[in-house]
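Participant: here is a sequence together with a model predicted from it:
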Amino acid sequence: MNTLRLQLRFLVPLVLTLIAAAYLAVPLMDRLTLRWFSRDLNLRGSLVTKTLSDSIAEGLQEPGSSRMQSLFNRVVQDERLVGIGLCSLDGELLRRSPGFPRSLTCARAEVIGQQDEPQIRIEGGPAHVGFYPVTDETGPIAQLILLQDLSFVEHRSQDTQKYLIILIAGLGGIIALITVVVAQLSWRGWVSGARALLRGEGLISPLMSSAAPELAPFAADLRARLRDLEDEYRRSLGPETEWNPERLRALLRTQLRGDQLIVVANREPYIHDKVGDDIVVKRPASGLVTAVEPLLRACSGTWIAHGSGSADAEVVDAHDRVLVPPGKHEYTLRRLWLSEEEEKGYYYGFANEGLWPLCHVAHVRPVFRESDWEHYRAVNQRFADAVVAEARSEDPVVLVQDYHFALLPAMIRKKLPRATILTFWHIPWPNPESFGICPWRQEILEGMLGSTILGFHTRFHCKNFIETVDRYLEARIEHEHSTISFHDDSTFVESYPISIEWPSEQTQASWLPVAQCRQNVLARLGLPPDHRIAIGVDRFDYTKGILERIHAVERLLEKHPEWIGQLSFVQIAAPSRGSLEEYKSFQERIHALTERVNKRFGFEGYKPVHLLAVHHDQASLYELYRAADACMVTSLHDGMNLVCKEFVAARDDERGVLILSRFAGAAREMSQALIVNPYHVEETADALQRALTMPEAEQRERMGSLRMTVREFNVYRWAGRMLTDAGRWRLRERIEARVQRHQPG
Ligand code: GDG
């Protein structure tokens, strides 16, 4: 239909143009034929005059005779000759035949006879006017006017016009037919061509056909090249369908139909603390908070957490709720109060002295106490009750965060069987042997299998978990679909690498220029303007490889003494779990090591290591990231690690080098960093040397590529992928429920 319309649009003007051309051409042709015929008629007229000359000469001799008149009468019987007039040499009309117009004088006939188109209109139609001298042996004796019929020219012109129009109509028809056929053929060609392209065949497919097998390698090459080009093009455009808050919101509106979102995490995103008479709001140093907070801001919902701030209770309403972020009120924070005992047993005890070292395998012995376990179970139950209390429907989407809540999924499932429970384990999962030392391994696994979806950062952690279940539970495992069926429920185990929120343009615009950040940081540390800095930013935790990092700095200064006085290593170590013995002694060791290295290589006005063991606000962290020549992330074991991603996001100047532990989940995505084994001090020191001497172009290339990765694989993608899987799961459940309702019996 479309093609027909297209063709008509083309044909109608074409035909109209042809007809107009015909109408313009016909008068032109008439004039042309008239000229040709005038020449013939003139010749004929001269001939007739010559033939009549003698008779006319004789007639003139006898003026009273009627011979001349009868001669004229006879001559005009010729069907072409319609009138004859005889003029004297001085222009008097002497004789005229019947049909010769009275109005035509000799003088006028002479004038007309000399024109290009010598014609007049008489009674029977147009007539050609010829003016010829009549001569005898003495010379001209009179003038003869011959009027010859021209109506045949008109008849012929009409005929010509008719035939021309028929011809043009025929031509138009033929052109139209050809156009239609060609258009149809080429349209079909386009359509099938486009279909072939969509199928991925396109222009290359003929080369791949069996008709030309010898061209197959060439076609494969061509295809690979095209893929490269497409890839390059995509890269140049940036991430194709970038995950952002809007896309996440759209996903919640469509696939999750605006269902309620509840996050459960031990750590709250905003802590209200009392400082003197004032209440100040603090953001905790936590990778989990960094990742999950943007998700809730994008989707509203409720975050249930332990209210740990000294002024937390003062700002909540009667239901222990407060709207956050302060001043923006984008979602609800529901606080739960824990007694000192509960916190000690559940949080410090079982979670951080038991599960944390158990899962990190960082050569710190896990401690499992019966009383801690009891508290852990009780607190998990309290959080489960809070989820039920906050749920506005029987099937909310609940996001359970981390190792503090291994028992929570099954507890929620018991009260809200139709809830979709997404559990994300932010830390690594060890191999079955290591996990096997936990006395409550079975209860923990059963608790986690209450989840609909269970997420880890990497495939490797998923594999470890599935193997652990296989070892310690009677569960059915479908490796192909990565699902575990236990009792009547099944759990989908998948990897969802976590990330950060890519800084918005507004945020980036608020950053000071890199040179300014450098100047500020150096000035604050009392260092000269050309001083080089490497940095580390962590919670003060033994898994982060802070000790190994300082050893590497020490080794660098031994191997390359030219750096002494030129380079300082700045370590931010945000206070964390400081009440635990293991942490206390670890932090003391770091302080002691720092002191020793500073004593060994430092001098008046120069410290090789700056240990800043205090909480920093986010703005000063980003200032430090932007000021650094190198960032060291040397975790001994880390689920993901977000510091390396923040460092990359902060470097819009595409400078600075990232040194990254191969034992951090992030190393799987960020291969353009300098990857190190942090246990190998020599290797880490060499990487630091390489980072500090890396040419600008290489820094730019590595940083550019890292930035592209982090920007695309952002935290919205992490949440989006999980929620998409949840949406699919819910749809399947609903369909199954409907089918069951309609089954007989
Ligand atoms: C777990 C997993 C996983 C640090 N000092 C300060 C501060 N920070 C912020 C950083 C960063 C976060 O804390 C630390 O991120 P990590 O990824 O290293 O996290 P963990 O706390 O160990 O978290 C980890 C993470 O969960 C997410 O799944 O990546 O593998 O162990 O954002 O910037 N923030 C503030 N002041 C500080 O002094 N405000």
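Facilitator: Arrived safely.
Participant: how about the residues of this protein near the ligand?
Facilitator: Within reach of the ligand by CB under 6 Å from any ligand atom, the chain has these residues: 283, 285-288, 290-291, 426-427, 498, 537-539, 572, 574, 615-618, 621, 638-643, 646. In this view, the C-beta of every residue, glycine as well, is placed from N, C-alpha and C.
Participant: out of the residues you listed, which end up buried?
Facilitator: Taking 16 or more other CB atoms under 10 Å as the criterion, what is buried in the residues of the chain next to the ligand is 283, 285-288, 290-291, 426-427, 498, 537-539, 572, 574, 621, 638-643, 646.
Participant: am I right that residue 126 falls within a strand?
Facilitator: Yes. Assessed with DSSP: H, G, I helix; E, B strand; the rest coil, residue 126 lies in a strand.
Participant: for the residue lying closest to it once chain neighbours are set aside, what are phi and psi?
Facilitator: Spatial nearest neighbour of residue 126, chain neighbours left out: residue 150 (4.0 Å); criterion: CB to CB, 6 or more residues apart in numbering. Dihedral angles of residue 150 (phi, psi; degrees, to the nearest 10) stand at phi -120, psi 0.
Participant: looks like residue 150 contacts residue 34 (just checking).
Facilitator: Yes. With contact defined as CB atoms under 8 Å, residue 150 reaches residue 34; the gap is 7.5 Å.
Participant: comparing the two, which residue is more hemmed in?
Facilitator: residue 150 (26 against 20; other CB atoms under 10 Å).
Participant: look up how far the ligand lies from that one.
Facilitator: Distance from residue 150 to the ligand, counting by CB to the nearest ligand atom, to the nearest Å: 104 Å.
Participant: how many neighbouring residues does residue 605 have?
Facilitator: Residue 605: 9 surrounding residues under other CB under 10 Å.
Participant: any idea how far the ligand is from the residue nearest to it when sequence neighbours are not counted?
Facilitator: Residue nearest to residue 605 in three dimensions, not counting chain neighbours: residue 526, with 7.0 Å by CB to CB, 6+ apart. Applying CB to the nearest ligand atom, the value for residue 526 to the ligand is 21 Å.
Participant: before we move on, the earlier item: what residues are shared contacts of residue 150 and residue 34?
Facilitator: Counting by CB atoms under 8 Å, 6 or more residues apart in numbering, the contacts common to residue 150 and residue 34 are residue 119.
Participant: hmm, back to that, show me the residues of the chain next to the ligand that map onto helices.
Facilitator: Residues of the residues of the chain next to the ligand located in helices (DSSP state H): 287-288, 290-291, 618, 621, 643, 646.
Participant: output those residues in a markdown table; the columns should cover distance to residue 387 and pLDDT.
Facilitator: Listed next are these as a markdown table, based on distance: CB to CB, whole Å; pLDDT from 0 to 100:
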| residue | distance to residue 387 | pLDDT |
| --- | --- | --- |
| 287 | 23 | 69 |
| 288 | 17 | 78 |
| 290 | 23 | 79 |
| 291 | 20 | 76 |
| 618 | 29 | 92 |
| 621 | 32 | 97 |
| 643 | 31 | 98 |
| 646 | 31 | 98 |
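Participant: which two of the residues you listed have the greatest separation?
Facilitator: Farthest-apart pair in these is 288 and 621; separation 16.4 Å (CB to CB).
Participant: residue 625: how many residues sit nearby?
Facilitator: Burial measure for residue 625: 22 neighbouring residues, criterion other CB under 10 Å.
Participant: just the element for it, please.
Facilitator: When elements are assigned from DSSP states H and E, residue 625 belongs to helix 618-627.
Participant: distance from that helix to the middle of the chain?
Facilitator: In this view, helix 618-627 has its centroid 31 Å away from the chain centroid, taken as CA atoms, centre = their mean, to the nearest Å.
Participant: cool, stretch 622-634 as well?
Facilitator: Here stretch 622-634 is found 31 Å from its chain centre; the criterion is CA atoms, centre = their mean.
Participant: export that stretch as CSV, just CAs?
Facilitator: Coordinates of each C-alpha in stretch 622-634 appear next as CSV, following Å, rounded to 0.1, in the frame of the first residue of the first chain:
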residue,chain,number,x,y,z
TYR,A,622,37.0,13.2,46.8
GLU,A,623,39.4,16.1,47.2
LEU,A,624,42.1,13.5,48.2
TYR,A,625,41.2,11.2,45.3
ARG,A,626,41.6,14.1,42.9
ALA,A,627,44.9,15.2,44.4
ALA,A,628,46.6,11.8,44.3
ASP,A,629,49.2,10.4,41.9
ALA,A,630,48.4,6.9,42.8
CYS,A,631,45.6,5.1,44.8
MET,A,632,46.5,1.8,46.6
VAL,A,633,43.7,-0.7,47.1
THR,A,634,45.5,-3.8,48.5
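Participant: rewinding a little: pLDDT at the residue nearest to residue 126, what is it?
Facilitator: Looking at residue 150, its pLDDT is 83.
Participant: repeat that for residue 608.
Facilitator: Reported pLDDT for residue 608: 98.
Participant: what is the neighbour count of the spatially closest residue to it that is not a sequence neighbour?
Facilitator: Spatially, and ignoring its direct neighbours in sequence, residue 608 is nearest to residue 601 (4.7 Å; CB to CB, 6+ apart). Residue 601 is flanked by 21 other residues according to other CB under 10 Å.
Participant: I'd assumed residue 557 was in contact with residue 601.
Facilitator: Yes. With contact defined as CB under 8 Å, residue 601 reaches residue 557; the gap is 5.0 Å.
Participant: overlap in contacts of these two?
Facilitator: Common neighbours of residue 601 and residue 557 (CB under 8 Å, 6+ apart) are 564, 608.
Participant: element containing residue 433, please.
Facilitator: Assigned by DSSP H and E, residue 433 belongs to helix 432-435.
Participant: quick one: residues in contact with that helix.
Facilitator: With CB under 8 Å, 6+ apart, helix 432-435 has contacts from 358-359, 361, 429, 441, 464, 467-468, 470-472.
Participant: next one: the next helix or strand after that helix to chain centre, how far?
Facilitator: Using DSSP H and E, the helix or strand that directly follows helix 432-435 along the chain is helix 441-448. The chain centre lies 42 Å from the centre of helix 441-448; the measure is CA atoms, centre = their mean.
Participant: and what of stretch 501-521?
Facilitator: Here stretch 501-521 is found 26 Å from its chain centre; the criterion is CA atoms, centre = their mean.
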